[in-house]
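>>> Generate coordinates for the sequence data below:
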Amino acid sequence: MSARTTTNVPLERVTLTSQRTFDDVVTGIYLGIGRPDLGAFLADLAAAKDFGEYRRVVEDAVGPSDLMRFLELDEGAALAVNPDITDFRLVRIIAGNPLTMSQMARHVPDAGSYAPVTILVHQAPDGVRVAYDTVASALRPYGDQRALAVAEELDRKVLALLDAATAG
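Residues are numbered from 1 along each chain as shown. Okay, the predicted model is just below:
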């Protein structure tokens, strides 16, 4: 027997539009995000003997924004192969910090659904748009102020990164 519950999670999406080129915006994002070899990173985490060592592995992997890339998906590639769609560039960057996630998930386990975060970059007619759903908005319905404080700090870091990447 199982039970099902439903939680409504209203998301706050922040969208920035830049006149910089698509490549310049993506490069700007990556200037602030660590890009470790994921296989080696995961192996190093698994080999960590204690939390201090685990923390050092993560701290060595993150960039100035305190985030690291876990995955980049070229979603525009699916558009490009479909003849019924006018293709455009669309990239989804999945980035985060395991330490930040654990600070939220210890109080609200569902925080693991929202961290790492998604940064969506796409070429639009009016410029390059970067979209980000704030983690604080996703965690607000759970009512835990400790997790919410961590989420708000994470959002501040991500939005500062995106502001810098789209400026100019």
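>>> Which residue ranges of this protein form helices?
For the chain, the helices defined by DSSP state H cover 22-31, 38-47, 51-61, 76-81, 98-105, 135-139, 145-166.
>>> got the phi/psi numbers for residue 88?
phi -150, psi 160 (degrees, to the nearest 10).
>>> residues touching it, list them.
76, 79, 122, 123, 124 (CB atoms under 8 Å, 6 or more residues apart in numbering). Where you see a C-beta, it was placed from the backbone N, CA and C, and this is true even at glycine.
>>> Quick one: residues contacting the second one.
Taking CB under 8 Å, 6+ apart, we find residue 79 in contact with 85, 86, 87, 88, 90.
>>> Report the buried members of the residues you listed.
Taking 16 or more other CB atoms under 10 Å as the criterion, what is buried in those is residue 90.
>>> Among the contacts of residue 79, which pair sits farthest apart?
Among the contacts of residue 79, the pair separated by the greatest distance (CB to CB) is 86 and 90, at 12.0 Å.
>>> now the residue most central in space within the chain: how far from residue 59?
Centroid check for the chain by CA atoms, centre = their mean gives residue 117 as the closest residue, at 2.5 Å. Using CB to CB, to the nearest Å, residue 117 is found at 18 Å from residue 59.
>>> cool, residue 20 as well?
30 Å.
>>> before we move on, what about residue 38?
For residue 38 relative to residue 59 (CB to CB), the value is 16 Å.
>>> In terms of packing, which of residue 20 and residue 59 has more residues around it?
Ranked by neighbour count (other CB atoms under 10 Å), residue 20 and residue 59 place residue 20 first, with 16 against 12.
>>> Which residue in the contacts of residue 88 has the weakest pLDDT?
Least confident of the contacts of residue 88 in the model: residue 79, at 81.
>>> lowest confidence element among the helices and strands of the protein?
helix 76-81 (a mean of 85; mean pLDDT, DSSP states H and E).
>>> tell me which residues of it are tucked away?
Using 16+ other CB under 10 Å as the test for burial, helix 76-81 gives 76, 79.
>>> repeat for stretch 33-44
So for stretch 33-44, counting by 16+ other CB under 10 Å, buried means 33, 34, 36, 41, 44.
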